[in-house]
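J.: sharing a sequence plus its predicted fold:
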Amino acid sequence: MAPMLLVVAEVADGQLTKLSAEIATLAAGLAASSGGSALGLVVDGAPDTAAAELAAYLPRVVSVSSAAAADEAWAPHAAAEARRLADEGVTHVLAGVTNDGRDVAGLLCGALGWGVLANASGAAWADGQLVVEAMVLAGKAITRSTVDGPAAIVTVRSGAMDAAERGTPGAVEVREPLGAPLVPAPRVLDRVAEAGAEASLEEAKIVVVGGRGVGGPEGFALVDELASLLGGVTGASRAAVDAGWIPYARQIGQTGKVVRPALYLSLGVSGAMQHRAGMQGSQTVIAINRDPDAPVGEIADLFVIGDLFEVGPALAAEIRTRRGA
Amino acid sequence: MRILVMTKPVPDPAANAERLGPNLRLDRAASPTVVNGNDEYGLEAALQLVERLGGEVAILTMAPTTGIETMRKALAMGATRGVLVADAALPGADIPTTIRVLASAAATQEFDLLLGGLDTSDGAGGAVTAGVAARLGLPLVSAAALIEPDEASRAVRVRRLSAKGYDVLEAPMPAVISCTQALGTPRYPTLKGIMSARSRQITTLSLADLGEELLPPDGQWPSRVLEVQPPPGRAAGRTITGAAADAAREIADFLADRRLI
Ligand SMILES: Cc1cc2nc3c(=O)[nH]c(=O)nc-3n(C[C@H](O)[C@H](O)[C@H](O)COP(=O)(O)OP(=O)(O)OC[C@H]3O[C@@H](n4cnc5c(N)ncnc54)[C@H](O)[C@@H]3O)c2cc1C
Ligand SMILES: Nc1ncnc2c1ncn2[C@@H]1O[C@H](COP(=O)(O)O)[C@@H](O)[C@H]1O
């Protein structure tokens, strides 16, 4: 039986997320190389824009306009629609490594009993089986794994693929929502945006990161200043998040966001394994740390040994001078 | 308030010794074992809720009988009893099997809230808690940063971490909740807690108690690791020391070279 791959897409502010476009590209490639097919699923209160965007990557998109999916937790509704497509022949479900994507994967696994290949950073066929590559054990190893059998659920990390549109857009098929979520869906009473959390870390070309070394919430003023001078976004280590200096949405690492910017610049971050797991795909790494033995030195292209409260402001001044400002 | 917390024994991340064994499964002997971080945040939240509202916190673990040692750590924090699912057929169990077994074991217990971790520090599958909710047909609230049950209305409000901050969700109880570090720092067991943990009851269940049909039909674990490689290294970089102004110039030159400023 030829594989049929389903991309469970996510929508943010009415648009397809970058990660969903990457997963769609991955799925289209896997369909082509196996003689199978790929389709996408968009479930949202207003799915039209995102469904059209997804159709740039896939030959077929199922678009479900569901008010409930917007007023209630999204995953139980998306998982129910994905299960319906599984009943119609889907063999592989691909979702993102996000809270919502993981919920869909887990709910479907509980409902269908299919094996799960988690945190894929790449995928290919070998002997008719889907084999995924994933970083495991806080970045200590990369594994290639498979599921024996015709079906699987895959969660995909950001950066596994560069999104690439197909020549001709696919067909969007509008469907009525099922109505019943896979499990009772909690109601959303409120959505709260925290200060500084608007800009997307994952999509940033430049990320400036503060760690415990910045000493407190005031220390992030320097990090923010450098980020804005460089046109980047502020990130943080877990130590800084746990201390309450900056919201969790800014955390980079194994239990936070995974970033792959052109430039990662850190101040006062030691570079623990769990932090590296979220940034080792960065193109260029610059670290400012006063400890010459800090592990971040092992992965920095430029390791600046010095006090961040001296080097940081000096760097800000230098950039301003060069810009003639 | 009756809260059941799913706690998985994992290699201690602080020991930094996690590795895969020759069978390409986690080498559990290579490292000391602790309660998975996210489960411990859930346990802490559960203990605080019960301290305020009354009731009990029990823990549920699927592991070999050596898992009892790790369960004692959770009991020492204040959980009153434990349920261990141990069976010679279970080591190496994959995610769908783990979900089936934990859901069946949870169904033998009475609870208002069933807590699990958002993910584990060893497997990082991040699927089990949601999968258990699906098997039990219970509401799922994931990525919790704050848990506020209301016994009068039989509903629980949860702050759920979102890409931009958090959402406030409400679900009827019983509900399944996945827990994160944002719930706050877990307590250290007191000496008294450690002493009393020794006498707290741990009930052991086997597959014979829960049903052999929880295993995959052919006895095979359908997902398996084919190959392990070290992560790609990064080429050694340049180190600079010296006065801040000089360092700043060198950084700016480096950025300019790479067209980053
Ligand atoms: C299961 C698990 C998951 C985890 N997930 C994550 C994760 O997702 N992300 C993450 O980041 N961590 C994670 N961690 C935590 C991780 O192990 C480290 O504890 C954490 O990354 C340390 O943060 P830090 O580097 O800011 O702090 P520290 O390790 O305390 O380092 C601070 C650094 O600042 C330097 N410094 C101090 N003052 C100055 C100064 N004035 N000038 C210059 N340098 C200075 C010090 O030399 C030191 O190197 C996880 C841990 C576990 C167990
Ligand atoms: N063997 C286990 N015993 C108890 N709880 C588990 C077990 N495996 C997973 N869990 C629970 O499911 C959560 C998510 O695990 P995972 O999907 O494996 O990352 C964990 O944080 C635990 O709460």
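T.: Cool, got the structure. Ligands and ions are numbered 1, 2, ... in the order given.
J.: so who does residue 96 touch?
T.: Using chain A. By C-beta atoms under 8 Å, 6 or more residues apart in numbering or on different chains, A:Gly96 lies in contact with A:10, A:17, A:19-20, A:23, A:155-158. In this view, the C-beta of every residue, glycine as well, is placed from N, C-alpha and C.
J.: ah, I was thinking of chain B
T.: A:109-110, A:113-116, B:131, B:216, B:222.
J.: which stretch of helix or strand covers the closest residue to ligand 1 within the stretch 51-200 of chain B?
T.: For the stretch 51-200 of chain B and ligand 1, the shortest gap (C-beta to the nearest ligand atom) falls at B:Ser121, measuring 3.7 Å. Using DSSP states H and E, B:Ser121 maps to neither a helix nor a strand.
J.: ok, back up a step: most surrounded residue in the contacts of B:Pro96?
T.: When neighbours are taken as other C-beta atoms under 10 Å in any protein chain shown, the top entry among the contacts of B:Pro96 is B:Gly131 (32 neighbours).
J.: for B:Arg159, which non-adjacent residue is spatially closest?
T.: B:Leu146 (3.9 Å; C-beta to C-beta, 6 or more residues apart in numbering or on different chains).
J.: separation between that neighbour and B:Ile177?
T.: According to C-beta to C-beta, to the nearest Å, B:Leu146 and B:Ile177 sit 11 Å apart.
J.: more neighbours: which of these two?
T.: Counted by other C-beta under 10 Å, B:Leu146 and B:Ile177 do not tie: B:Ile177 has more neighbours, with 32 against 15.
J.: can you point me to the longest strand in chain A?
T.: strand A:115-126 (DSSP state E).
J.: for that one, output the C-alpha coordinates as CSV.
T.: Extracted C-alpha coordinates of strand A:115-126, given in CSV (Å, rounded to 0.1, in the frame of the first residue of the first chain):
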residue,chain,number,x,y,z
GLY,A,115,3.7,4.1,17.0
VAL,A,116,5.2,7.6,17.5
LEU,A,117,8.5,8.8,16.1
ALA,A,118,9.2,12.0,18.1
ASN,A,119,11.2,15.1,17.5
ALA,A,120,12.2,14.3,13.9
SER,A,121,14.9,16.6,12.5
GLY,A,122,14.7,14.7,9.2
ALA,A,123,12.9,11.7,7.6
ALA,A,124,13.4,9.4,4.7
TRP,A,125,12.3,6.0,3.5
ALA,A,126,14.4,2.8,3.9
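J.: ok, the spatially closest residue to A:Asp242 that is not a sequence neighbour - contacts?
T.: Counting by C-beta to C-beta, 6+ apart, A:Asp242 lies nearest to B:Gln181, which is 6.7 Å off, once chain neighbours are set aside. Contact analysis of B:Gln181 by C-beta under 8 Å, 6+ apart lists A:238, A:241-242, A:248, A:255, B:37-38, B:41.
J.: and which of those is nearest A:Val174?
T.: Closest approach to A:Val174 among the contacts of B:Gln181 (C-beta to C-beta): A:Tyr248, at 36.4 Å.
J.: what's the distance between that closest one and chain B?
T.: Per C-beta to the nearest C-beta, to the nearest Å, A:Tyr248 is found 5 Å from chain B.
J.: wait, that residue sits on B:Ala143?
T.: No: using C-beta atoms under 8 Å, A:Tyr248 is not in contact with B:Ala143, being 9.5 Å away.
J.: more neighbours: which of the two?
T.: Each of A:Tyr248 and B:Ala143 has its neighbours counted (other C-beta under 10 Å); B:Ala143 has more, 28 against 24.
J.: check which helix or strand the more buried one maps to.
T.: Using DSSP H and E, B:Ala143 sits within strand B:140-150.
J.: quickly run through the sheet partners of the next helix or strand after that strand, with directions.
T.: Next along the chain after strand B:140-150, taking DSSP H and E as the criterion, comes strand B:155-161. Paired with strand B:155-161 in the same sheet, following DSSP bridges, are strand B:140-150 (antiparallel), strand B:165-172 (antiparallel).
J.: just give me how far strand B:155-161 sits from the chain centre.
T.: Chain-centre distance of strand B:155-161: 18 Å, with C-alpha atoms, centre = their mean, to the nearest Å.
J.: joint contacts of B:Leu146 and B:Ile177?
T.: With contacts taken as C-beta under 8 Å, 6+ apart, the residues that reach both B:Leu146 and B:Ile177 are B:Val158.
J.: tell me which stretches of the stretch 1-150 of chain A form strands.
T.: Assigned by DSSP state E, counting those that start in this stretch, the strands in the stretch 1-150 of chain A fall at A:4-8, A:11-12, A:15-16, A:37-44, A:60-65, A:92-96, A:115-126, A:129-136, A:141-147.
J.: okay if I get these as a markdown table plus mean pLDDT?
T.: Rendered in a markdown table, the data for the strands of the stretch 1-150 of chain A read as follows (pLDDT from 0 to 100):
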| stretch | mean pLDDT |
| --- | --- |
| strand A:4-8 | 98 |
| strand A:11-12 | 96 |
| strand A:15-16 | 96 |
| strand A:37-44 | 98 |
| strand A:60-65 | 98 |
| strand A:92-96 | 98 |
| strand A:115-126 | 96 |
| strand A:129-136 | 95 |
| strand A:141-147 | 94 |
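J.: please name the nearest non-neighbouring residue to the closest residue to ligand 2 within the stretch 101-250 of chain A.
T.: Nearest to ligand 2, among the residues of the stretch 101-250 of chain A, is A:Gly106, at 6.8 Å (C-beta to the nearest ligand atom). Leaving aside its sequence neighbours, A:Gly106 sits nearest to B:Ala130 (C-beta to C-beta, 6+ apart; 2.7 Å).
J.: and the longest helix for the chain?
T.: Using chain A here. In chain A, taking DSSP state H as the definition, the longest helix is helix A:18-34.
J.: that's the wrong chain, I wanted chain B
T.: helix B:37-53.
J.: may I have the secondary structure class of B:Ile99?
T.: What DSSP: H, G, I helix; E, B strand; the rest coil gives for B:Ile99 is helix.
J.: element containing the nearest residue in space to it that is not next to it in sequence?
T.: Of all residues not flanking B:Ile99 in the chain, B:Gly131 sits nearest, at 3.5 Å (C-beta to C-beta, 6+ apart). Using DSSP H and E, B:Gly131 sits within helix B:128-136.
J.: tell me what that helix is packed against?
T.: helix A:99-112, strand B:2-6, helix B:95-107, strand B:113-117, strand B:140-150, strand B:175-179 (3 or more C-beta pairs under 8 Å, 6 or more residues apart in numbering or on different chains; DSSP states H and E).
J.: mean pLDDT added to these, as CSV?
T.: Below are these laid out as CSV (pLDDT from 0 to 100):
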stretch, mean pLDDT
helix A:99-112, 98
strand B:2-6, 98
helix B:95-107, 97
strand B:113-117, 98
strand B:140-150, 98
strand B:175-179, 98
